[in-house]
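S.K.: No letters, just coordinates:
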């Protein structure tokens with residue numbers, strides 16, 4: 001194995017974790033007055049990415065976490081008036097999420113501030129570098145999904 005590549009891989013992974021933590025701390029601080037956390041905001045971003053009101057399983061797949069974690073975040077968002085959890089009309093066993101009017105107003109107010117923050121965050125990053133970063137992250141995500149697929153196969157074979 002190439003030791004230079006291994007050192008760079010370790011550094012990249014460490015920086016991904018470091019940036020994730022820094023971003024979460026920054027957002028948690030900025031969102032405190034809105035009674036939100038970074039993870040709750042991310043859940044709302046994911047919820048807004050669906051054309052139709054999704055269920056917990058659909059959100060958890062796109063969010064990249066367990067259904068139970070999504071449910072806990074959604075319950076806190078519901079308590080604070082940002083989302084509504086409701087029973088599907090066709091299948092009473094299925095719960096869906098949708099934004100409340102409070103959340104819709106909240107997102108309209110955030111648009112300009114969010115654009116400013118994103119522009120500031122990526123100010124010194126060339127568009128070409130952002131494309132490379134985007135592609136790299138997509139490749140890493142696909143590779144991580146292979147781990148998940150292999151774990152499912154392995155756990156199915158254990159029984």
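M.R.: That came in fine, so what should we check first? This one's a predicted model, so the numbers in the text were calculated from it and none came from an experiment.
S.K.: count of residues packed around residue 58?
M.R.: By other CB atoms under 10 Å, the residues close to residue 58 number 18. For glycine as for every other residue, the C-beta is placed from the backbone atoms N, C-alpha and C.
S.K.: separation between it and residue 133?
M.R.: Residue 58 sits 27 Å away from residue 133, taking CB to CB, to the nearest Å as the criterion.
S.K.: Give me the domain ranges for the chain.
M.R.: 3-124, 125-159 (automatic domain parsing).
S.K.: Redo these as JSON lines? Include mean pLDDT.
M.R.: Formatted as JSON lines, those follow (pLDDT from 0 to 100):
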{"stretch": "domain 3-124", "mean pLDDT": "94"}
{"stretch": "domain 125-159", "mean pLDDT": "80"}
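S.K.: Let me know how buried the residue lying closest to residue 87 once chain neighbours are set aside is, in neighbour terms.
M.R.: Nearest non-adjacent residue to residue 87, counting by CB to CB, 6 or more residues apart in numbering: residue 95, 6.2 Å away. Using other CB under 10 Å, residue 95 is surrounded by 15 other residues.
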